[in-house]
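Enquirer: prediction below, plus the sequence it came from.
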Amino acid sequence: MERPSLEINLPDAHEEGKLYVVDSLNNLNKLNVCPDGSQHALDEEENTGDTGENTAGSNISNQCLFFVTFILTLIVSLALVSFVIFLIIQTRNKMDQISSRLISEKKNIEELKKMNNMILKHLNQSGIKR
């Protein structure tokens, strides 16, 4: 079995022409070997010059960024929940204070009514009439 030669003899071609021919052959080979989805990834890798190490590093940095963002979100959520619980407790304490004040005022009003009734009875019994 004889392999076809990829060398093309161009006697009068300049160096740029040879590079263009090699690039064209490489692109044609990629089209024949690679499926459509992976061709786009290969083209991007050629354009950026990534070797795979940078993508692994960016994946790790993306994971670290996600983890830090997640932790910060949890901390902020915990702070907000703690603040809401604090406000609920404070509101409950104020409501208890208001409730106890209302109960004591109610008792005072009832005592005043009793005293008023006793005064009216005393006045009625003493015979002072209008």
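Expert: Yes, it's here. Residues are numbered from 1 along each chain as shown.

Enquirer: only C-alpha atoms for contact and neighbour calcs from this point on.
Expert: Fine.

Enquirer: quick check: which ranges of this structure have low pLDDT?
Expert: Scanning the chain for pLDDT under 70 picks out 1-20, 31-56, 128-130.

Enquirer: residue boundaries of the helices in it?
Expert: Remark: helices assigned in the chain by DSSP state H are 15-33, 36-48, 53-126.

Enquirer: redo these as JSON lines? Include mean neighbour count.
Expert: Below are these laid out as JSON lines (neighbours: other CA atoms under 10 Å):
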{"stretch": "helix 15-33", "mean neighbour count": "12"}
{"stretch": "helix 36-48", "mean neighbour count": "12"}
{"stretch": "helix 53-126", "mean neighbour count": "12"}
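
Enquirer: gap between Asn124 and Phe83?
Expert: In this view, Asn124 and Phe83 are 61 Å apart by CA to CA, to the nearest Å.

Enquirer: now do the contacts for Lys107.
Expert: Shown in contact with Lys107 (CA atoms under 8 Å, 6 or more residues apart in numbering): no residues.

Enquirer: 10 Å - rerun?
Expert: Lys107 sits next to 101, 113 when contact means CA atoms under 10 Å, 6 or more residues apart in numbering.

Enquirer: swap in Ile89?
Expert: Neighbours of Ile89 in contact, by CA under 10 Å, 6+ apart: 83, 95.

Enquirer: ok, 6 Å please
Expert: Not one residue lies near Ile89 by CA atoms under 6 Å, 6 or more residues apart in numbering.

Enquirer: going forward can the numbers begin at 674, since that is how I track them
Expert: With the count now opening at 674, the last piece we talked about shows up as Ile762.

Enquirer: for Phe743, see how far away it is.
Expert: For Ile762, the distance to Phe743 - CA to CA - is 28 Å.
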